[in-house]
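Engineer: What follows is a predicted protein model with its sequence.
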Amino acid sequence: MAKLSKDERMELRLMAARQAYAKVTKQRSGFQGTRVITVGVQKGGVGKTTMTENLGIALASQQRRVLLIDLDPQGSLTIGLGMDESPTFDDEKTMREVLLGEIALPDVLLEVKPNLLLAPSIITLARVEEWITPRRRTLFKMLRDYLDLFDYVLIDTPPGLGGFVYNSLAASTEVLIPWIQSDPYVTRAIPEFLVSILEIQEDYPDAARLNGVVSTKAVPLRKDIPATKAARINTLDMEMLFGEEIFLKTAIPENTTLNEGVFMGKSIIDYDPKSPAAQAYFQLAKEIIAQEVN
């Protein structure tokens, strides 16, 4: 059998991604009950933690009961919310202990602000991944008895496609993918991630419905406003692959105060609520809420 060329392998990969996208995507409406949302893609540095944090805060501000789950051993969500310094934080009451069945989920929850709770993580969570990898419904089992307590559960996931990511997908009703407009490596990562979502759906048909891609660090692409060539090409590549409908309407703009907030240990909403990025997260929350059954 002749060896496939690089272009032929790429075409087969993209064909599989398009087929997966067609299967995992459904209409963005009619959501009922508790919505469990994985914020993920295997590429690191795309803003998964920032999106989980700020979308969660924005949803809570709209009188929705929100649980944030830090499923990344780096604990960036826990640190970013300042909860690792909270007097109520106990490093023996984290997601590691929950996943191992040593403690119930409610016993690790920390109150961030009204309507917003966090299930924290620290680096010891990493020791669990090898054990959890073949047990893809572990998180679902630990979560299901408490879903009625929340309107939304947002799960921050680590880079890669390991056991934590698959557990998050298997526990989720839907998936949001952060996408940096000027980063072609994120675009290259999305096809494989869609195939992973499809794999989970084949095992668990009610799980991991793709809600859409959220553009982050976005720059306007109108003719009257300059934009980087990379952003234009990358956007065109995504639209050629999947169509414009893969994107949610709300885009999170590039904003220097996002990074400033991180250094100050605050979300962009708490650090600069009137900034374009903070206002975009409020708009994203409203777009997500509008998908609910009235």
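Structural biologist: Ah, there it is.
Engineer: going forward, measure contacts and count neighbours with C-alpha atoms only.
Structural biologist: Will do.
Engineer: So for the host helix or strand of residue 232, what gets flagged as buried?
Structural biologist: Counting by DSSP states H and E, the element that carries residue 232 is helix 229-242. Residues of helix 229-242 classed as buried under the neighbour-count rule (16 or more other C-alpha atoms under 10 Å) are 231, 234, 235, 238, 241, 242.
Engineer: Please apply the same query to stretch 112-130.
Structural biologist: So, applying 16+ other C-alpha under 10 Å, buried residues of stretch 112-130: 112, 115-122, 124-125, 128-129.
Engineer: ok, for the spatially most central residue of the chain, nearest residue in space, not its chain neighbours?
Structural biologist: The centroid of the chain falls nearest to residue 39 when counting by C-alpha atoms, centre = their mean (0.7 Å). Closest residue to residue 39 apart from its sequence neighbours, by C-alpha to C-alpha, 6 or more residues apart in numbering: residue 176 at 5.0 Å.
Engineer: Run a quick check on that neighbour versus residue 215, I expect a contact.
Structural biologist: No - Residue 176 is beyond contact range of residue 215, at 10.4 Å (criterion: C-alpha atoms under 8 Å).
Engineer: ok so residue 175 is a helix residue?
Structural biologist: No - if the criterion is DSSP: H, G, I helix; E, B strand; the rest coil, then residue 175 is strand and not within a helix.
Engineer: from memory it sits against residue 35, does it?
Structural biologist: No - here residue 175 does not reach residue 35: they are 10.1 Å apart, not a contact under C-alpha under 8 Å.
Engineer: Contacts only, for residue 69.
Structural biologist: Applying C-alpha atoms under 8 Å, 6 or more residues apart in numbering to residue 69 gives the contacts 95, 118, 119, 120, 153, 154, 155, 156.
Engineer: which SS state does it fall under?
Structural biologist: strand.
Engineer: Numbering from 47 from now on, please.
Structural biologist: Sure, I'll start numbering at 47, so the last one becomes residue 115.
Engineer: who does the residue nearest to the centre of the chain bridge with?
Structural biologist: For residue 85, the beta-bridge partners are residue 202, residue 222 (DSSP bridges).
Engineer: How about residue 159?
Structural biologist: Beta-bridge pairing for residue 159 (DSSP bridges): residue 162.
Engineer: Quick check: the gap between it and residue 325.
Structural biologist: 19 Å (C-alpha to C-alpha, to the nearest Å).
Engineer: Mind exporting the C-alpha coordinates of the helix or strand hosting residue 96 to CSV?
Structural biologist: Per DSSP H and E, residue 96 falls inside helix 94-107. Taking Å, rounded to 0.1, in the frame of the first residue of the first chain, the C-alpha atoms of helix 94-107 are listed here in CSV:
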residue,chain,number,x,y,z
LYS,A,94,-9.6,28.5,29.0
THR,A,95,-9.1,29.6,32.6
THR,A,96,-9.8,33.2,31.9
MET,A,97,-13.1,32.3,30.1
THR,A,98,-14.2,29.9,32.8
GLU,A,99,-13.6,32.5,35.5
ASN,A,100,-15.1,35.5,33.8
LEU,A,101,-18.1,33.7,32.2
GLY,A,102,-18.8,32.2,35.6
ILE,A,103,-18.8,35.5,37.3
ALA,A,104,-20.9,37.1,34.6
LEU,A,105,-23.5,34.3,34.8
ALA,A,106,-23.6,34.6,38.6
SER,A,107,-24.3,38.3,38.1
